[in-house]
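Student: sequence unknown, structure follows:
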């Protein structure tokens, strides 16, 4: 089990914020997700148009620990219609930081 004091300190130091263009390379996680580079760039453009929101869990020393993308509007209205339906995707936490409460911490 993870030490509760370490977990509490980590959670106190993270910042949940919107993705910036400068974050895009870090979303590739040292090359593991380089095949999503175009998708990340497209999602970022959508966010600038208000069609999506992109968040990261950022730690001042460890960098981006997680991400969440939400399409608010999509050409496929069964997924996201801009009013009643949104589409969550790109929900990812680095393996070393899973099960520490980063997801629930986003909603506090």
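Tutor: Perfect, thanks for sending it. A quick note: this is a predicted structure, and the numbers were derived from the prediction, not measured.
Student: can you tell me the helix or strand for the spatially most central residue of the chain?
Tutor: Geometric centre of the chain, nearest residue: residue 67, 1.6 Å, by Cα atoms, centre = their mean. Per DSSP states H and E, residue 67 falls inside strand 63-71.
Student: buried stuff in that strand?
Tutor: For strand 63-71, burial by neighbour count (16 or more other Cβ atoms under 10 Å) applies to 64-71. The C-beta positions use only the backbone N, C-alpha and C, and glycine is treated the same way.
Student: just to revisit the earlier point, ok, the residue nearest to the centre of the chain - contacts?
Tutor: Going by Cβ atoms under 8 Å, 6 or more residues apart in numbering, residue 67 touches 19, 27, 54-57, 90-92.
Student: per-residue confidence for residue 24?
Tutor: Here, the pLDDT recorded for residue 24 equals 97.
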